[in-house]
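Enquirer: Kindly generate the corresponding structure for this input.
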Amino acid sequence: MRARLHVEPSSHPSQSQHGRPAEGARPDGQRVLLRRLVHASARSRHDPDRGLKEDAAFFTGKGADGQFVATIPVPVDEALVERGHQRYAIYCQPCHDARGDGKGILFQRGNVPTASFHQEKILKYPDGQIFDIVTNGAGLMPGYRWPIPPADRWAIIAYVRELERKRLASACGRSAAPVSEAPWPVA
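Expert: As a prediction, the model looks like this:
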């Protein structure tokens, strides 16, 4: 016999009793962006071709011409970078360390070479290529297609670019510019 799942109605004023936003409720900007990205990701799970046709760059890191996109295909703001920082701490920091130098636990305990995000080679990668590496893996790095949804992969890339920008700024003796003045174009 199957157990029935009982869902309590939401007591939050912006939620209807079915867990959907109440009519006329307007969530803040970060929630709107994340909902859009999560909704697009969920749509593609049910109909993969539909999602890819709608926004191939978002789901594959490649443009219509099959080349890696140069920049992140979503607006980069402080909320996205903060989300990327949170996801980075979970998925990337154990190997790449907090500064992105590649001196994480694998290097410390096993002397396993791990990429530094501050290598000239990686600094030159287009954002779509980094997305592809996070998605499918490269070398010793496994792919994170299933544990990290596309929206979070782009958030991680925004955070990695922020780490790189801060390192370059400190090397030049300048203070780091805010996210809105990022050296790469913002989509």
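Enquirer: C-alpha only now, for contacts and for neighbours.
Expert: Noted.
Enquirer: Stretch 98-108: which residues count as buried?
Expert: Applying a neighbour-count criterion of 16 or more other C-alpha atoms under 10 Å, one finds 98-107 buried in stretch 98-108.
Enquirer: so where do the helices sit in this protein?
Expert: Assignment of helices within the chain using DSSP state H yields the ranges 29-46, 48-54, 56-60, 78-91, 93-96, 105-110, 120-123, 127-136, 150-171.
Enquirer: returning to that earlier point: quick one, which of the buried residues of stretch 98-108 has the minimum pLDDT?
Expert: Looking at these by pLDDT, the weakest one is L106, with 85.
Enquirer: That residue reaches D97, doesn't it?
Expert: No. With contacts counted by C-alpha atoms under 8 Å, L106 stays clear of D97, the gap being 9.7 Å.
Enquirer: ok so, going back, will you turn the helices of the chain into CSV that also has distance to F68?
Expert: Formatted as CSV, the entries for those read as follows, by distance: least, C-alpha to C-alpha, whole Å:
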stretch, distance to F68
helix 29-46, 19
helix 48-54, 15
helix 56-60, 8
helix 78-91, 20
helix 93-96, 23
helix 105-110, 29
helix 120-123, 14
helix 127-136, 5
helix 150-171, 13
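Enquirer: Brilliant, that's me finished.
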